[in-house]
Structure formats: C-alpha cells, structure tokens
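> A predicted structure for the sequence below; I have some questions about it.
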Amino acid sequence: MTQRLMTWTRARRALAAAAAAITLGTTLAAAPAEAATVPAGVSAAMADDLRTECGRHQAEAGRVQGWARSRFEQCYHSTEKVNLYDTNGNYYGYFDFELWILAFAYDGSRRVDYVTSVENVHQSTSLSDDLTFLTIRFDCRSSEVTCSANLSRTDTIRGWYTKSTMDTITITSPDDVGTGPYKIVDFMETVGFTGEYRNGNTRPFYKDTQAINRVRFDSANAALGNGKFKGAVFTDNAPRLELHLSGAGYDEEARHVDDTLHHPERTFPAMIGKNAPGETTDDPLHRLMDKDRADANHSASVSICTDIWGPSYTAGDMECDEYPFKSTYEGSSVSTDGHPGSWHGSARPIPASDNGKGGTELGKFYGANRVLDHDPFTVTVVP
C-alpha cells in the first residue's frame, strides 16, 4: 500500500473515531488497525480520486446502481441503520455504518476490481460489540467468469472498526469466452448484507440487494477501431462525446451538430417539429457497426446534400457531413427505413478537413470508451 492511501485512511478513521466518541448512546470498539492493501490494478491515487468524486455525487452514489464516473469507474456509498428485534417482535437495539464500494474496470483486460469498506460503525448501548455481527457479501452467478475466493466477510462491530476493508473482490472472464463476434459476457454483480445480534433470541436483518453493478466483458479485437483488443466496462454509464466549436480543427463539424440539436430551422431536410436525438441519456445515439448499413446512411445523407445544394456541392473541397452520424442507428437511412426526407437529423456540406478530423475524433471516442454495436452514447457541443 502506498503511503498516501495509508495516510488518507488513518486520517479518515481518526475523524470517525472522534465523531463516534461524542455520540450519545453508542459504544466504540478498539482502535483501528491498518487497512487492507489496494489491488495491483488500483493505485492509491485512483482510489482516493474516485472516492472524492463519489462524495461529490452523493445523490447518485446512494442509488442501488451507484454513480458511474466513466465506463471504467463506478462507486456506491450509503449510510445504513439496522434495527434489531427479538423473536417476539420487541425492539432490541440498532447499529449503523457507512458502506463504500469503489469499482474499477480495465481497458485492455477482462477484469473488474471492487474495493469495499465499512466505516463509522456505531451501535446502541443495549448491544455488545462482540455479539453484533455484520456480513457484507458479493454474488457470483455466472459460468463465464471467475470470482475471488472470498466473496464475503462476516465480523463483529469491533472487528469492522478495527479493520474496515474487505479483501478486494476480483472478477475476470477468459478472453475467448462469450457470445457473438465480440465475445461479449454480460455480468451483474449484486452486493447485500446481513445484520445479526447473536444472543440466541434476536432476528437477523437481511438485505439481499444493497448495490448492483453491471459489467460487460468483450474481446472485440480490431473491430472496435481505435481501441484495445479486449476489456471490461460498466454499462450503466453512457459515455459522452464532447465536441469543441473552436480550436480543435473541426469547427464546422461541431457547428453542424450544434445547429442540428439547437437550431433545427437552419438544417435540412426541412420539417416541422424536428427533434434530433443524442443530447441526453433519455434520447441517446446508438453505435452502428455494420459497414453496409452505415454506408446506406451516408448515401441517404448525400442525397439530401445533392437535392439541396446540387451535384456541385463538393466544389472547393467540401464533403457531405451528417448528424446523427452515419455510424449510428439514428442515421438518415436506418432510422427512416430508407426515407431520409422524414429524418430528424441534418446533412450539409462542410470542408473536407473538418469532416475528416471530426470523424477521427468520433473513432477515438468509440475506441477509448469501448463503444460497441447498439451501445448508447450522448453528444455535447462546448465553446
């Protein structure tokens, strides 16, 4: 473990201990020991940075699916209170805790890691440290993945306070396993917990689905484009393509996308009520990897350019640009069943250099985010 993570962990726990010490009606366990090591694939800086950002997105992080910062980083954070009752239904006491799960997927490896900790544990004075037990458990129900041997940890409140972290959960999938040409394996990790007071007459508290993490492993190889041959992503995240209106070398491409999204009256085909998709996760674009269908999209867009600007629109080194892109299911032919006059998109001539650089940017985006066929993504235009 690096010194930075150790310092961060000790400082965090010291604050937790101080806060707990002045909380009425609670008991404290022994002083904490050192935390478990972070896995080789997760640096201290990665864990520290994701945790900080997760704390800034608490509303999303507290949902069952957590908050996905990217296709490769996801986190979950919640505070849980467990009320315990005896076998006759009489209230016995409570304990509470914070649950943190930091999840990391890898571009270039069919693997995910989960770094889990239970922090700020407290309990009512009616309960004994040594009889109050908390179990955090990960699920593994797929024949196409291999999971860590220790998928759960059961310990007393004293034990969790002394050592807040679980051993890292690692899940991998063989490179040659999966469906379709890209060897896709979809996997859903479910995390639950159980609270117990082992005095012989108290009912356990069960929560089977506390957090859910959806993972996709693939071996797309060269078909991905400008990306690594294999990897894993968190599919709850729809990546965002950011285009700049100036300074990136594709100004006219970005202007065309912006006009289509925000000024449809400037675009063709002209139609009342045009509403181009792609700006929000509620109405995203979806990648199309079939070359023939993508070419059909472009041919339909060229027909729009020709109808509006005439066959000489290419004069001066111009090309027919289109949004939504030809490499999406929202393209001019696929989305209209071959009738581009009803397309909620736009085709216009722009300089070939802008068009080429815009296409390069899109290809890099697909590769960097492992965007495969039918994967959703959004587009935004910034100054």
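Arrived safely. Numbering: from 1, shown residues only.
> where in this protein is pLDDT low?
By pLDDT under 70, the low-scoring segments of the chain are 1-41.
> which residues in it form helices?
3-21, 44-56, 58-61, 157-162, 251-262, 291-309, 352-368 (DSSP state H).
> For T328, find the nearest of these.
Minimum separation from T328 across the helices of the chain (C-beta to C-beta) falls at helix 291-309, 7.8 Å. C-beta: built from backbone N, CA, C; applies to glycine.
> mind checking which of the helices of the chain is nearest L243?
Closest approach to L243 among the helices of the chain (C-beta to C-beta): helix 251-262, 4.2 Å.
> angle of that closest one against helix 352-368?
Counting by axes from the mean of the first three to the mean of the last three C-alpha atoms, to 10 degrees, helix 251-262 lies at 70 degrees to helix 352-368.
> measure K291 to S128 for me?
Distance, K291 to S128, by C-beta to C-beta, to the nearest Å: 67 Å.
> Look at those two and report which has more neighbours.
Applying other C-beta atoms under 10 Å to K291 and S128 shows that S128 carries more neighbours, namely 16 against 9.
> circling back: may I see the helices of the chain organised as a markdown table, with distance to G338 added?
Shown next, in a markdown table, are the helices of the chain (distance: least, C-beta to C-beta, whole Å):
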| stretch | distance to G338 |
| --- | --- |
| helix 3-21 | 57 |
| helix 44-56 | 45 |
| helix 58-61 | 40 |
| helix 157-162 | 61 |
| helix 251-262 | 20 |
| helix 291-309 | 7 |
| helix 352-368 | 23 |
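> Quick one: closest of those helices to I169.
Closest to I169 of the helices of the chain, according to C-beta to C-beta: helix 44-56, at 14.1 Å.
> starting at the chain centroid, how far to that closest one?
In this view, helix 44-56 has its centroid 14 Å away from the chain centroid, taken as C-alpha atoms, centre = their mean, to the nearest Å.
> Which elements pack onto it?
helix 3-21, strand 67-70, strand 73-85, strand 91-105 (3 or more C-beta pairs under 8 Å, 6 or more residues apart in numbering; DSSP states H and E).
> Could you list the paired strands of the shortest one along with their orientation?
Counting by DSSP bridges, the strands paired with strand 67-70 are strand 73-85 (antiparallel).
> Next, the buried residues of the partner strand.
Within strand 73-85, the residues that count as buried by 16 or more other C-beta atoms under 10 Å are 73-78, 80, 82, 84.
> Between strand 91-105 and that strand, find me the angle.
Comparing the axes of strand 73-85 and strand 91-105 via the same axes, to 10 degrees yields an angle of 170 degrees.
> now strand 73-85 and helix 44-56, what's the angle there?
For strand 73-85 against helix 44-56, the angle by the same axes, to 10 degrees is 60 degrees.
> Please export the C-alpha coordinates of strand 73-85 as CSV.
Taking C-alpha atoms only, strand 73-85 is exported to CSV below (Å, rounded to 0.1, in the frame of the first residue of the first chain):
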residue,chain,number,x,y,z
GLU,A,73,-15.0,3.7,-12.7
GLN,A,74,-18.1,3.3,-10.6
CYS,A,75,-18.9,3.8,-6.9
TYR,A,76,-21.5,3.2,-4.3
HIS,A,77,-21.9,5.0,-0.9
SER,A,78,-24.7,4.8,1.6
THR,A,79,-25.3,5.0,5.4
GLU,A,80,-27.3,2.1,6.7
LYS,A,81,-29.2,1.7,10.0
VAL,A,82,-30.1,-1.8,11.1
ASN,A,83,-32.9,-2.1,13.7
LEU,A,84,-32.9,-5.4,15.6
TYR,A,85,-35.9,-7.1,17.2
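> returning to what we had before: can I get the buried residues of strand 73-85 in JSON lines including distance to V371?
JSON lines is the format used below for the buried residues of strand 73-85 (distance: C-beta to C-beta, whole Å):
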{"residue": "E73", "distance to V371": "16"}
{"residue": "Q74", "distance to V371": "17"}
{"residue": "C75", "distance to V371": "22"}
{"residue": "Y76", "distance to V371": "24"}
{"residue": "H77", "distance to V371": "27"}
{"residue": "S78", "distance to V371": "30"}
{"residue": "E80", "distance to V371": "35"}
{"residue": "V82", "distance to V371": "41"}
{"residue": "L84", "distance to V371": "47"}
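> biggest separation within the residues you listed, which pair?
Most distant of the buried residues of strand 73-85, by C-beta to C-beta, are E73 and L84, 35.2 Å apart.
> still on that earlier bit, ok, which of the helices of the chain comes nearest G89?
Nearest to G89, of those and by C-beta to C-beta, is helix 157-162 at 23.2 Å.
> Run through the neighbouring helices and strands of that closest one.
Applying 3+ C-beta pairs under 8 Å, 6+ apart, we find helix 157-162 packed against strand 111-123, strand 132-138.
> Among those strands, which comes closest to T267?
T267 lies closest, by C-beta to C-beta, to one member of the helices and strands packed on helix 157-162: strand 111-123, at 41.7 Å.
> Could you check the angle that closest one makes with strand 132-138?
Between strand 111-123 and strand 132-138, the angle comes out at 160 degrees (the same axes, to 10 degrees).
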